[in-house]
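Asker: This is a predicted model, with the sequence first.
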Amino acid sequence: MLQYLSTKEDREAFIDKYDNFLFDCDGVLWEGTNTFDGVAESMTLLREKGKRVFFVTNNSTKSRSSFLKKFEGFGIKAELEEVFSSAFATAAYLKHVLQFPEDKKVYIIGMDGIKDELAAEGIRSCGGEEDAGLTDNDSVPDDKEVGAVVIGLDTKVNYKKYSKAFAYLTRNPGCYFIVTNEDTTFPQHGSFYPGAGAIAAPIIAALGRHPDAVLGKPAQNMLEAIYAESHIDPKKTCMIGDRLDTDIEFGMNGGIDTLCVLTGITTKEQLLSPDNRIRSTYYMDSFGDFSK
Ligand SMILES: O=C(O)[C@H](O)[C@H](O)COP(=O)(O)O
Ligand SMILES: [Mg+2]
């Protein structure tokens, strides 16, 4: 039964119930370059109570170490081992699941986060922000070294990038088509903007097929990585997110409780609608309210 954490007592009882908290980032801890009131204080409260904290973001634009700088800028304590991103999960999938060959490389539509996480796994890549300024419509030469195309949120996307990705996926036999996450929108500047799912959609339409793999929430790759490294008890763990079809579904699929906050994508009307099939365990206006 969906419970609204409306009083200080509700919020204290919620915190005492769990040992581990998994945090989505965009729409929960911040929106673009702005954090929400009380977020840093609420995070400090959890740390002071000895709770374990993990960050599980579908945002593939930054590497985990770059995210650490963003956390620090908002006064949020975070360790590298606590940060899991869709770019990190994608690099791990290529390396350890696909056993991506050393003589192959990845073509990226996305930001440096994907390039950096691939490099950390020793996987070569091209495209990404290097192709940001391409405006020509010249033919795309073959490049048989490209063994995978990875698409994530790309705020510098252009037609040439799409042309290259389409060329490699249709010309190179066995070329993997991977999307870091399928969030259709993400919150910033007080509004909503196209997300990774919207960036990948043109290639899905042109190819007439869906990706071979999508690594972000609600897929369980990041939760499995957390379990493998930390042995946390799912019964004492709660996922805190702002998007129903990624964060809350991720928790439901993983058998953990969930808290939906209303500072990002999901509105109270959407959450409470009789048509909504993705019901979180709890909901509250903002994670920052724990500091009140
Ligand atoms: O790709 C996107 O649309 C954004 O990165 C999206 O906001 C995911 O970020 P998260 O809410 O999982 O931190
Ligand atoms: Mg979010």
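Answerer: Arrived safely. Everything quoted here is computed from the prediction, not taken from an experiment. Numbering: from 1, shown residues only. Ligands and ions are numbered 1, 2, ... in the order given.
Asker: check contacts around residue 195.
Answerer: 153, 181, 183-186 (Cβ atoms under 8 Å, 6 or more residues apart in numbering). C-beta coordinates here come from the backbone N, C-alpha and C atoms, glycine included.
Asker: Go again with 6 Å.
Answerer: 153, 183-186 (Cβ atoms under 6 Å, 6 or more residues apart in numbering).
Asker: Over to residue 192?
Answerer: Residue 192 touches residue 185, counting by Cβ under 6 Å, 6+ apart.
Asker: quick revisit: which of the contacts of residue 195 sits closest to residue 223?
Answerer: Using Cβ to Cβ, residue 183 comes nearest to residue 223 of the contacts of residue 195, at 16.9 Å.
Asker: How many residues are close by the closest one?
Answerer: Residues contacting residue 183 under the criterion other Cβ atoms under 10 Å number 26.
Asker: For this protein, what lies in contact range of ligand 1?
Answerer: Within the chain, the positions near ligand 1 by Cβ under 6 Å from any ligand atom are 24-27, 57-59, 153, 181, 183, 186, 195-196.
Asker: all helices of the stretch 1-150 of the chain, in order?
Answerer: Taking DSSP state H, counting those that start in this stretch as the test, the helices found in the stretch 1-150 of the chain are 8-17, 39-48, 64-73, 86-92, 112-120.
Asker: want to throw these into a markdown table with mean neighbour count and mean pLDDT?
Answerer: Below are the helices of the stretch 1-150 of the chain laid out as a markdown table (neighbours: other Cβ atoms under 10 Å; pLDDT from 0 to 100):
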| stretch | mean neighbour count | mean pLDDT |
| --- | --- | --- |
| helix 8-17 | 13 | 97 |
| helix 39-48 | 17 | 98 |
| helix 64-73 | 16 | 97 |
| helix 86-92 | 29 | 98 |
| helix 112-120 | 23 | 98 |
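Asker: can I get those helices in CSV with distance to residue 209?
Answerer: Below are the helices of the stretch 1-150 of the chain laid out as CSV (distance: least, Cβ to Cβ, whole Å):
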stretch, distance to residue 209
helix 8-17, 43
helix 39-48, 40
helix 64-73, 31
helix 86-92, 19
helix 112-120, 21
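Asker: Out of those helices, the one nearest residue 229 is which?
Answerer: The nearest among these, by Cβ to Cβ, is helix 86-92 at 11.4 Å.
Asker: The closest one packs against which elements?
Answerer: Other helices and strands packing on helix 86-92, by 3 or more Cβ pairs under 6 Å, 6 or more residues apart in numbering; DSSP states H and E, are helix 112-120.
Asker: Helix or strand next in line after the host helix or strand of residue 228, which one?
Answerer: Using DSSP states H and E, residue 228 sits within helix 221-230. The C-terminal neighbour of helix 221-230 among helices and strands, as given by DSSP H and E, is strand 237-241.
Asker: do that following strand and ligand 2 meet?
Answerer: No - with Cβ under 5 Å from the ion as the criterion, ligand 2 is not reached by strand 237-241; the gap is at least 5.9 Å.
Asker: ok, that strand: who's next to it in the sheet?
Answerer: Here strand 237-241 is paired, per DSSP bridges, with strand 20-23 (parallel), strand 257-261 (parallel).
Asker: CA atoms of that strand as PDB?
Answerer: Output in PDB follows, covering the C-alpha atoms of strand 237-241 (Å, rounded to 0.1, in the frame of the first residue of the first chain):
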ATOM      1  CA  THR A 237      17.400  -1.700   1.400                       C
ATOM      2  CA  CYS A 238      15.400   1.000  -0.200                       C
ATOM      3  CA  MET A 239      15.700   2.700  -3.700                       C
ATOM      4  CA  ILE A 240      14.900   6.400  -3.800                       C
ATOM      5  CA  GLY A 241      14.000   7.700  -7.200                       C
END
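Asker: Lovely, talk soon.
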